[in-house]
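Undergrad: Here is a sequence together with a model predicted from it:
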Amino acid sequence: MKTAVSIPDPIFKAAERAAKRAKISRSQFYARALEEYVARRDPKRIKEALDEIYSTESSELDPVIARLQSEGLGREDW
């Protein structure tokens, strides 16, 4: 699909240099950049990344931090 967008000059110039270094066309560069941007914000990928992290790392608070947080909250009647 062909489209027209407005891009600030500094970003355009940086993208031009990056596309040239990568030896790809401007269209390929923008398509890849948008594809990566969209993929990084995909809720499913974010969840998968978090699941991977928490499968190897404990999600429990450090006991000292947990105690300090508990003391800092104080007691309230609900």
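TA: On my side now, so go ahead.

Undergrad: list the contacts for the most centrally placed residue in the chain?
TA: Residue closest to the mean C-alpha point of the chain, counted by Cα atoms, centre = their mean, is R40 at 5.5 Å. For R40, the contact set (Cβ atoms under 8 Å, 6 or more residues apart in numbering) is empty. Placement of C-beta: from N, CA and C, glycine included.

Undergrad: How about the one 5 residues further on?
TA: The contact partners of R45, taken as Cβ under 8 Å, 6+ apart, are A39.

Undergrad: Need the contact partners of the helix or strand bottoming out on mean pLDDT in the chain.
TA: In the chain, no helix or strand scores lower on mean pLDDT, DSSP states H and E than helix 63-73, which sits at a mean of 80. With contact meaning Cβ under 8 Å, 6+ apart, helix 63-73 is reached by L61.

Undergrad: Please compute how far it lies from its chain's middle.
TA: In terms of Cα atoms, centre = their mean, to the nearest Å, the centre of helix 63-73 is found 30 Å from the chain centre.

Undergrad: what's the answer for stretch 31-39, then?
TA: 12 Å.

Undergrad: Just the buried residues of that stretch, please?
TA: Buried residues in stretch 31-39, counting neighbours by 16 or more other Cβ atoms under 10 Å, are absent.

Undergrad: pLDDT averaged over it - what is it?
TA: What stretch 31-39 shows for mean pLDDT is 93.

Undergrad: Against A49, how distant is the residue nearest to the centre of the chain?
TA: Distance of R40 to A49, given as Cβ to Cβ, to the nearest Å: 10 Å.

Undergrad: what's the answer for D42, then?
TA: 10 Å.

Undergrad: what's the answer for T3, then?
TA: T3 is 30 Å from A49, where distance means Cβ to Cβ.

Undergrad: more neighbours, those two?
TA: Legend: neighbour count by other Cβ atoms under 10 Å for T3 and A49, higher for A49 (11 against 5).

Undergrad: Which element, helix or strand, includes that one?
TA: helix 43-56 (DSSP states H and E).
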